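J.: turn this into a model:
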Amino acid sequence: MDYCLDACSLINLYCGWGGLNEFGQFGNSWAISDKALAECIYVRVFSPNGAIVRVPIVASALLAQYPIVVHSLTAQETETFVQLAVKIDDGEAASLSVAHHRNLIFVTDDVPAAIAAAGIGAPVVGSLDLIQTWAGSDPARIGRFPTIVHNIATLAKWEPRPNHPHYGWWTRHATPS
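T.: As a prediction, this is how the structure comes out:
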């Protein structure tokens, strides 16, 4: 399987894992549209003293962690992008258009973007789907769930809504036992 990320899912995964190196555990290819990558301006990280600081994202340094392919829109993708951008954010619309036309799985945590993906028949997964797949049944990775959930909630400032399919999983891991 090959994936195309939107900006928010990239930030959520980056914050959860503390970088992009974990993408290598999937054995798949990863992509993002140039418009979505341009929306990745900064990320929050924990400083050595535990404070949260904003750090600018330098695309070349980000992509050095894992080789994510950055796609510019083709003419056909631009047509789809224009139709989608009326309903969803430009970065999400661009990445969804790339995913749709290049037969990639669209990665988003945005409900309107997921609805738009369903509307054009593009397969979609969220960050939590990927984190659960990444963990598999590896006890060491499963043991990292509370930290990953905490990092996404605290650094990326994202949490699933109560009607999200993984809300129960999230709440079980949000409070370490």
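J.: got the contact list for stretch 113-129?
T.: 3, 6, 9, 12-13, 16, 80, 84, 87-89, 92-93, 96, 99-100, 105-109, 152, 158, 160, 164, 166, 169-170 (CB atoms under 8 Å, 6 or more residues apart in numbering). Glycine gets a C-beta too; all of them are placed from N, C-alpha and C.
J.: next: stretch 135-144.
T.: Against stretch 135-144 from outside (CB under 8 Å, 6+ apart): 134, 145.
J.: restricting to C-alpha, output that stretch in PDB.
T.: Output in PDB follows, covering the C-alpha atoms of stretch 135-144 (Å, rounded to 0.1, in the frame of the first residue of the first chain):
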ATOM      1  CA  ALA A 135       2.200  -1.400  16.600                       C
ATOM      2  CA  GLY A 136       0.800  -4.700  15.400                       C
ATOM      3  CA  SER A 137       1.200  -7.100  18.300                       C
ATOM      4  CA  ASP A 138       4.700  -5.900  19.200                       C
ATOM      5  CA  PRO A 139       4.500  -5.400  23.000                       C
ATOM      6  CA  ALA A 140       7.300  -2.700  22.900                       C
ATOM      7  CA  ARG A 141       5.300  -0.600  20.400                       C
ATOM      8  CA  ILE A 142       2.000  -1.200  22.100                       C
ATOM      9  CA  GLY A 143       3.600   0.000  25.300                       C
ATOM     10  CA  ARG A 144       4.400   3.300  23.600                       C
END
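J.: surely Phe81 is in contact with Gly91?
T.: No: the pair formed by Phe81 and Gly91 falls short of the contact definition of CB atoms under 8 Å, at 10.2 Å.
J.: which parts of this structure are helices?
T.: In the chain, the segments counted as helices under DSSP state H are 7-17, 34-39, 59-65, 75-85, 90-101, 111-119, 127-135, 139-142, 145-151, 167-174.
J.: for the fourth one, which positions count as buried?
T.: Along helix 75-85, these residues count as buried under the neighbour rule (16 or more other CB atoms under 10 Å): 77, 80-81, 84-85.
J.: which of those residues sits closest to Asn21?
T.: Glu77 (28.9 Å; CB to CB).
J.: about what we covered before: name only those of the contacts of stretch 113-129 that count as buried.
T.: Counted by 16+ other CB under 10 Å, the contacts of stretch 113-129 give 3, 6, 9, 12-13, 16, 80, 84, 88-89, 92-93, 96, 99-100, 105-109, 152, 158, 160, 169-170 as buried.
J.: pick the one among the buried residues of helix 75-85 closest to Val53.
T.: Using CB to CB, Ala85 is the member of these that lies nearest Val53, at 32.5 Å.
J.: that closest one and Ile68: what is the separation?
T.: As for Ala85, its distance to Ile68 is 22 Å (criterion: CB to CB, to the nearest Å).
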